[in-house]
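Here is my input; please provide its structure:
(2 chains)
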There are 2 protein chains.
Amino acid sequence: MATRRQALLLSSSNCHGFSLLEFAKKEMCDFLTKNNVSELLFVPYAQKDYDAYTSKMQDVIEPWGFTVTGLHSYPDVIGTVNSSKAIFVGGGNTFLLLKTLYEQDLVSLIKKKVDEGSLVYIGSSAGTNVATKSIHTTNDMPIIYPPSFEAIGIVPFNVNPHYIETEHETHKGETRDQRILEYLEMGHASPVLGLREGCILHVNGYQLTIKGIAGAVLFNVGDIRPRHYDVGSDMSFLCDQIKEVE
Amino acid sequence: MATRRQALLLSSSNCHGFSLLEFAKKEMCDFLTKNNVSELLFVPYAQKDYDAYTSKMQDVIEPWGFTVTGLHSYPDVIGTVNSSKAIFVGGGNTFLLLKTLYEQDLVSLIKKKVDEGSLVYIGSSAGTNVATKSIHTTNDMPIIYPPSFEAIGIVPFNVNPHYIETEHETHKGETRDQRILEYLEMGHASPVLGLREGCILHVNGYQLTIKGIAGAVLFNVGDIRPRHYDVGSDMSFLCDQIKEVE
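Numbering: from 1, shown residues only, chains lettered A, B, ... in the order given. You can find the predicted model right below:
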């Protein structure tokens, strides 16, 4: 049976030339409307001030016609996720976010509900990182120690959000590409999809499509040349492995 | 009893305008000579190819008049560290380095030997990160999961190597300063010393001095303004806490 997994994975909530989430407004609205969602549960765990972060998102998303509430404002976190139709996991620090998701016993619950089609997932930046196989390819500083780097696994590969080719003329720190290749050299089997700022990965069952206003770059195991994919590209081949298993 | 802890913590081995380690040659030679060291044990664990990495360091350091051997080339790792007078822990990926140091049971052994004055420590980039309180403020990608972020703790605070003020006009990823402040907001008690490329922190007992060709920037808990320190600055106040405890 084909599952009706639904996710929208944003590279970031900010994009040059746009106000907060503005570049993603049409995709988010279409996505929520098609999934009959009118209430969005916001997960603010990637930042310190849950109230301020939720309020910022409410100011942007509620005028679009959706109700937004913060998960932290409910006494029963598990029950609230269980009874929700859609969550939006915001960006911030990926380590802090994943640690809190584990502390709240939400990692496997979210995966189960998304896989069975009873929960629609939107993620941005850190919220996109935790939706993938692992957080091994986050750009964030490891400010806190999570119990694992393995994440929710809505897609069976890794993402690098805020992807950008970095060339330093005078600074000698590693470039982004060097860092991603270091990850692949560790013997991890999963590829890494770099999402440029403005890029959105749409997960519809096992169909993956690049949406938004910027493309993606795929780093594959055993292939040192990154491959570029424009908006509109079908990335479903990245799910072939998972489909065969199920 | 005052210990004779001796360490030289380099921000990086590469610095714009210099060949590998060239900017640090005089400091490293003076440091090793003063400590009566003629043989340097190189720890290549932060990179994948131990032989190639060790060979690269031999090519640079042996012409200075010191013998360099790779720790990986000895069958008895613990015994080799125990009988060595000086180690140089090279840069690469901090997560890979710390994980391997834990696997080889070297974290507490190196701390004990440096604290008692029987082992002289040189670190560069990742090798500097692991010499500090923790690796929470590395810039590296978390390509592998170490059993802890706590590190050797030769100094009782954190370092950010390759420190640079980053200002993005069009890219929306966090700046370096934002990332370090996120760390401090977690409630960690220890400050973060950002070492600019070319900066060397000299540890002489409990006396700390900024050496090399570039300064450092201190981020303190409860103080949002970073403080700049030039080459020659005495940073011993950062050890006051540890001295009082002992």
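
On the pLDDT front, check A:Y50 for me.
Per-residue pLDDT puts A:Y50 at 98.

residues in contact with it?
Neighbour list for A:Y50: A:44, A:70, A:72 [criterion: CB atoms under 8 Å, 6 or more residues apart in numbering or on different chains]. The C-beta positions use only the backbone N, C-alpha and C, and glycine is treated the same way.

Let me have those residues in TSV, adding secondary structure as columns.
Listed next are the contacts of A:Y50 as TSV, based on DSSP: H, G, I helix; E, B strand; the rest coil:
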residue	secondary structure
A:P44	coil
A:G70	strand
A:H72	helix
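
ok, and the most crowded of those residues?
Within the contacts of A:Y50, neighbour counts (other CB atoms under 10 Å in any protein chain shown) peak at A:P44, which reaches 26 neighbours.

And that one, its phi and psi?
The phi/psi pair for A:P44 (degrees, to the nearest 10) reads phi -90, psi 20.

What residues does chain A have near chain B?
Residues of chain A found near chain B (CB under 8 Å from any CB of the partner chain) are A:12, A:14-16, A:48, A:93, A:95-96, A:135-145, A:148-149, A:162, A:164, A:169-174, A:179-180, A:182-183, A:185-186, A:188, A:197.

what residues are up against A:V217?
A:163, A:193-194, A:196, A:226-229.

Run through the bridge partners of it.
A:G194, A:H228 (DSSP bridges).

A:N160 now?
A:G194.

neighbours of it, just the number please.
Counted with other CB under 10 Å, residues neighbouring A:N160 total 28.

Mind checking which of the residues of chain A next to chain B land in strands?
A:H162 (DSSP state E).

filter the residues of chain A next to chain B to the buried ones?
Those of the residues of chain A next to chain B that meet the buried threshold are A:12, A:14-15, A:93, A:95-96, A:135-145, A:149, A:162, A:164, A:171-174, A:179-180, A:182-183, A:188, A:197, by 16 or more other CB atoms under 10 Å in any protein chain shown.

Spatially nearest residue to the residue in chain A sticking out farthest from the centre (excluding sequence neighbours)?
Going by CA atoms, centre = their mean, the residue of chain A most distant from its centre is A:T170, 32.4 Å out. Distances taken as CB to CB, 6 or more residues apart in numbering or on different chains place B:H16 nearest to A:T170, at 4.2 Å, with adjacent residues excluded.

what's the burial count for A:F18?
16.

who's in contact with the closest residue to it other than its chain neighbours?
In this structure, A:F18 finds its nearest non-sequential neighbour in A:G198, 8.0 Å apart by CB to CB, 6+ apart. A:G198 makes contacts with A:11-12, A:15-16, A:18, A:23, A:212-214, as judged by CB under 8 Å, 6+ apart.

quick check, A:T33 in a helix?
Yes - judged by three-state DSSP, A:T33 forms part of a helix.

separation between it and A:V120?
11 Å (CB to CB, to the nearest Å).

These two - which one has more neighbours?
A:V120 (24 against 13).

can you give me how far the longest helix seen in chain A is from the chain middle?
Across chain A, the longest stretch assigned as helix under DSSP state H is helix A:50-61. On the basis of CA atoms, centre = their mean, to the nearest Å, helix A:50-61 sits 18 Å off its chain's mean C-alpha point.

Next: stretch A:99-106.
16 Å.

Now that stretch - C-alpha only, PDB.
Extracted in PDB, the C-alpha atoms of stretch A:99-106 (Å, rounded to 0.1, in the frame of the first residue of the first chain):
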ATOM      1  CA  LYS A  99      17.900  16.800  21.800                       C
ATOM      2  CA  THR A 100      14.600  18.300  22.800                       C
ATOM      3  CA  LEU A 101      12.600  16.100  20.400                       C
ATOM      4  CA  TYR A 102      14.300  13.100  22.000                       C
ATOM      5  CA  GLU A 103      13.600  14.300  25.500                       C
ATOM      6  CA  GLN A 104       9.900  14.800  24.600                       C
ATOM      7  CA  ASP A 105       9.800  11.300  23.000                       C
ATOM      8  CA  LEU A 106       8.700  12.800  19.700                       C
END
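
Could you list the low-pLDDT ranges of chain A?
A:1-3, A:167, A:169, A:241-246 (pLDDT under 70).

Just the helices from it, written as ranges.
Using DSSP H, helices in chain A cover A:25-34, A:50-61, A:77-82, A:94-103, A:107-115, A:126-129, A:176-185, A:240-245.

who's in contact with the third one?
Translated: helix A:77-82. A:41, A:71, A:74, A:87, A:104-106, A:109-110, A:113, A:119.

So what's the residue count around the nearest residue to A:C29 once chain neighbours are set aside?
Of all residues not flanking A:C29 in the chain, A:W64 sits nearest, at 5.6 Å (CB to CB, 6+ apart). For A:W64, the count of nearby residues is 15 (other CB under 10 Å).

give me every residue that touches A:W64.
If you count contacts by CB under 8 Å, 6+ apart, then A:W64 has A:25, A:28-29 around it.

Now rank those residues by neighbours and give me the top one.
A:M28 (22 neighbours).

Give the full set of residues in contact with that one.
By CB under 8 Å, 6+ apart, the neighbours of A:M28 are A:8, A:21, A:61, A:64, A:122.
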